[in-house]
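Enquirer: Using only what follows, build the 3D model:
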Amino acid sequence: MQFFNWGNIEWIYEADSIGSLNVMNVGIVTIDPEKRQNKHVHYGDEQLIYVISGKGRQQVGNEIHTIKAGSIHHIESGSIHETMNIEMEPIVELIISIPAVQNKELSIYKMGKSMDAYETVSDEIYRDDIYKDEIKGLYESAMESLKIPMSVFDKNGKAVIDGGNYPELCKLACGVHKNTENCRIYKIHDEYAPPIYNDSSAYVCPFGLTVLNVPIVVNQTAIGWIKGGHIRTYRNEFSSSEKNNLHGDLYKENFEYMPVLPKSRVNAIMRIMKDMAKSFAEYSVIKNTKTELSKKERLIKEIAQNESVLEESLKMVQDEVLDIQINNHFLFNTLNAIASMAVQDDSMKTYDAVIELSKMFRYSLRNKSSSILLKDEIEYLKNYIALQQLRYGDNLRVFFDIPEELENVKIPFNCLQPIVGNCFKHGFKKKKRKIRIDIRAEAGERCMKLVIEDNGMGMEKNDLQQLLARLKEGRGRNSGLMMIYSKIRAFYGEEFTVDIDNRPEGGVCVTVLLPKTEG
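Expert: Take a look at the predicted model:
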């Protein structure tokens, strides 16, 4: 559907493409009451019109006919055509449009077709603009042979290059030499052929001059227009509507002073405009191709720079890993030296602490994976508790209940010790005697439940709710529980739950529900 200030055209049957053998296009034209089409010339097609309803007048060339329901009219290619609705009801017409066959010697480039070589390129390469500074040279070269006004517009109708050499009539009547937008025809954006054509057209201005319109087409899309001419042809007459104008006689005198251009001259002008449009279109493709290549070159340079940064970062990480290995070696040697000194001083408690700490340290360094078997994690946990046992002695009692069937289930590495560590850090802060921790695992059909309970101080209800909220929102990343929560989420996605609650008899219970993954 195409909408105009006088009505609309609904194309109900269109050719498949520009190169299609199916060239006929059929549409329904509606001209609103007391409206008139702009005078126009179809250089690319001829039309057969059947009036369905309504009544009005139609001008074809220099002849004016009455049109009414049932009448049939043929509009030859190149004819000046205008329809006027003088009634209070719409005029509805069936229009059949067929491309006209041009003389080969005076053939006009069909840009959509001549650009076939570029149609395989992605649409993203084309830009809907025309490069003013760069095409000015092409424009000036083409205009050397033409002493007529010609302007270049972008697809939105904005003048990119303003033409000159306007006839005296245009200067007097419209002042177009002061502002290109003063030309009434330049403001028209009507298209009287199916949108697929993007072909040339022409309009007759209110003073009787013909203005040619040639699209600049890339990939079957108009990215701009070349408009101009303002010529008097053998078909043109001074408009009767302007005779009664205050300056009508002066305008008519200037109109009649203008030379009448023969058909061959009009076709030659059109051919030059078509060649100019073709050059602009090809330049646009080349320009945009260069732009895309330039972007890709910058992208390649950025990738190369990023690779260089990554290589430097990798070297830094390798150096840091080497430093860690050296530091670990030093730490082991230091722990061995402390253990030897403890034995020499008969300080077996210190010796036991150093040994348990060495076991935990060795366990952390040996594990290169993000997951571990439950039985190995429990063994690591026992080493940690052994260290705490040295502190609390017989006041600390820890009970494990791990079914054999769950020992080979994989869980995230070091996900239990921080939870047990919170028992000592928070739960037993004010309690030093008869402290107890229960650690158990329970098997479900597809999941495993890990439960850690203590008989410590418990938590205030408000503090407990805030803690659970922080875990779910991912706040407080430096806390041990938050790091465990993030580690479990990275391992299982959202297929897990962590619940924290106060025990009725005192203390806190942490329940972790995990999918079962066999090692």
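
Enquirer: neighbouring strands for the longest strand anywhere in the chain, and are they parallel or not?
Expert: Taking DSSP state E as the criterion, the chain has its longest strand at strand 221-233. Paired strands of strand 221-233, with direction, are strand 150-154 (antiparallel), strand 210-218 (antiparallel), strand 260-261 (parallel) (DSSP bridges).

Enquirer: Any stretches of the stretch 101-250 of the chain with poor pLDDT?
Expert: Applying pLDDT under 70 to the stretch 101-250 of the chain flags the ranges 101-135, 137-138, 141-147, 189-199, 234-236, 239-246.

Enquirer: repeat that for 50
Expert: 101-130, 196 (pLDDT under 50).

Enquirer: part of a strand, is residue 499?
Expert: Yes. Remark: residue 499 belongs to a strand, assigned using DSSP: H, G, I helix; E, B strand; the rest coil.

Enquirer: That one: what's it in contact with?
Expert: 510, 511, 512, 513 (Cβ atoms under 8 Å, 6 or more residues apart in numbering). Quick note: C-beta positions are derived from backbone N, CA and C, even for glycine.

Enquirer: go with 7 Å
Expert: residue 511 (Cβ atoms under 7 Å, 6 or more residues apart in numbering).

Enquirer: pLDDT wise, what is it at?
Expert: According to the prediction, residue 499 has pLDDT 91.

Enquirer: Over to residue 18?
Expert: 45.

Enquirer: ok, back up a step: how about the strands paired with strand 221-233, which one is nearest residue 409?
Expert: Checking the strands paired with strand 221-233 against residue 409 by Cβ to Cβ gives strand 210-218 as the closest, at 63.6 Å.

Enquirer: Now residue 187. Nearest residue, chain neighbours left out?
Expert: Excluding its sequence neighbours, the residue lying closest to residue 187 (Cβ to Cβ, 6 or more residues apart in numbering) is residue 181, at 6.9 Å.

Enquirer: now, of the strands paired with strand 221-233, which is deepest in the fold?
Expert: Highest mean neighbour count of these: strand 210-218, a mean of 25 (counted as mean count of other Cβ atoms under 10 Å).

Enquirer: And for residue 255, the neighbour number?
Expert: 21 (other Cβ atoms under 10 Å).

Enquirer: give me every residue that touches it.
Expert: Going by Cβ under 7 Å, 6+ apart, the list of residues near residue 255 reads 169, 207, 208, 232, 238.

Enquirer: still on that earlier bit, just put the strands paired with strand 221-233 in CSV and tack on distance to residue 462.
Expert: Below are the strands paired with strand 221-233 laid out as CSV (distance: least, Cβ to Cβ, whole Å):
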stretch, distance to residue 462
strand 150-154, 65
strand 210-218, 67
strand 260-261, 92
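
Enquirer: then the longest strand of the chain to CSV, C-alphas only?
Expert: Coordinates of each C-alpha in strand 221-233 appear next as CSV, following Å, rounded to 0.1, in the frame of the first residue of the first chain:
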residue,chain,number,x,y,z
THR,A,221,16.9,-0.1,-2.9
ALA,A,222,16.9,3.6,-3.6
ILE,A,223,19.6,5.4,-1.5
GLY,A,224,19.1,8.8,-3.2
TRP,A,225,17.7,10.7,-6.2
ILE,A,226,19.0,12.9,-9.0
LYS,A,227,16.3,15.5,-9.8
GLY,A,228,16.4,18.2,-12.3
GLY,A,229,15.9,19.4,-15.9
HIS,A,230,13.2,22.1,-15.5
ILE,A,231,12.8,21.8,-19.3
ARG,A,232,10.1,22.6,-21.8
THR,A,233,9.2,19.7,-24.0
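
Enquirer: what does it rub up against?
Expert: 128, 130, 148-155, 160, 163, 166-167, 170, 186, 198, 209-216, 255, 258-261, 266, 269, 273, 276-277, 284.

Enquirer: among the strands paired with strand 221-233, which is nearest residue 296?
Expert: The closest of the strands paired with strand 221-233 to residue 296 is strand 210-218. By Cβ to Cβ, the value is 20.3 Å.

Enquirer: Tell me if I'm right that residue 31 and residue 5 touch.
Expert: No. Using Cβ atoms under 7 Å, residue 31 is not in contact with residue 5; the gap is 11.0 Å.

Enquirer: The two - which one has more neighbours?
Expert: In this view residue 31 and residue 5 are compared by other Cβ under 10 Å, and residue 31 has more residues nearby, 24 against 12.

Enquirer: Now do the same contact list for the more buried one.
Expert: So residue 31 contacts 6, 7, 37, 83, 85, 90, 91 (Cβ under 7 Å, 6+ apart).

Enquirer: Would you mind naming the residues that bridge with it?
Expert: residue 7, residue 91.

Enquirer: just to revisit the earlier point, of all the strands paired with strand 221-233, which one is nearest residue 305?
Expert: Short answer: strand 210-218, nearest of these by Cβ to Cβ, at 34.0 Å.

Enquirer: centre of the chain versus the closest one, how much separation?
Expert: What separates the centre of strand 210-218 from the centre of its chain is 31 Å, taken as Cα atoms, centre = their mean, to the nearest Å.

Enquirer: now stretch 412-430
Expert: That offset, for stretch 412-430, works out to 49 Å (Cα atoms, centre = their mean).

Enquirer: Residue 377 is nearest to which of the strands paired with strand 221-233?
Expert: strand 210-218 (65.6 Å).

Enquirer: returning to that earlier point: what about the residue nearest to residue 187, distance to residue 160?
Expert: Counting by Cβ to Cβ, to the nearest Å, the gap between residue 181 and residue 160 amounts to 13 Å.

Enquirer: Who has more neighbours out of the two?
Expert: residue 160 (20 against 14).

Enquirer: which residues of the chain fall in helices?
Expert: 111-114, 132-143, 168-173, 248-257, 263-344, 348-366, 374-392, 417-422, 461-473, 480-492 (DSSP state H).

Enquirer: can those helices go into JSON lines with extra columns for distance to residue 73?
Expert: Listed next are the helices of the chain as JSON lines, based on distance: least, Cβ to Cβ, whole Å:
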{"stretch": "helix 111-114", "distance to residue 73": "28"}
{"stretch": "helix 132-143", "distance to residue 73": "37"}
{"stretch": "helix 168-173", "distance to residue 73": "31"}
{"stretch": "helix 248-257", "distance to residue 73": "28"}
{"stretch": "helix 263-344", "distance to residue 73": "22"}
{"stretch": "helix 348-366", "distance to residue 73": "93"}
{"stretch": "helix 374-392", "distance to residue 73": "91"}
{"stretch": "helix 417-422", "distance to residue 73": "90"}
{"stretch": "helix 461-473", "distance to residue 73": "74"}
{"stretch": "helix 480-492", "distance to residue 73": "75"}
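
Enquirer: ok so, going back, which of the contacts of residue 31 has the weakest pLDDT?
Expert: Among those, residue 37 carries the weakest pLDDT, at 81.

Enquirer: residues near that one, how many?
Expert: 20.

Enquirer: got the contact list for residue 10?
Expert: Contacts for residue 10 were tallied using Cβ under 7 Å, 6+ apart; they are 1, 27, 28.

Enquirer: Once you drop chain neighbours, what's closest to residue 94?
Expert: residue 50 (4.4 Å).

Enquirer: ok, back up a step: closest to residue 498 out of the strands paired with strand 221-233?
Expert: Among the strands paired with strand 221-233, strand 210-218 sits nearest to residue 498 (Cβ to Cβ), with 59.5 Å.

Enquirer: one step back: quick one: which of the contacts of residue 255 is nearest residue 461?
Expert: Each of the contacts of residue 255 was scored against residue 461 by Cβ to Cβ, and residue 207 proved nearest at 89.2 Å.

Enquirer: correct me, but residue 258 touches residue 168?
Expert: No. Using Cβ under 7 Å, residue 258 makes no contact with residue 168, being 8.3 Å away.

Enquirer: Please enumerate the shared neighbours of those two.
Expert: In contact with both residue 258 and residue 168: no residue, using Cβ under 7 Å, 6+ apart.
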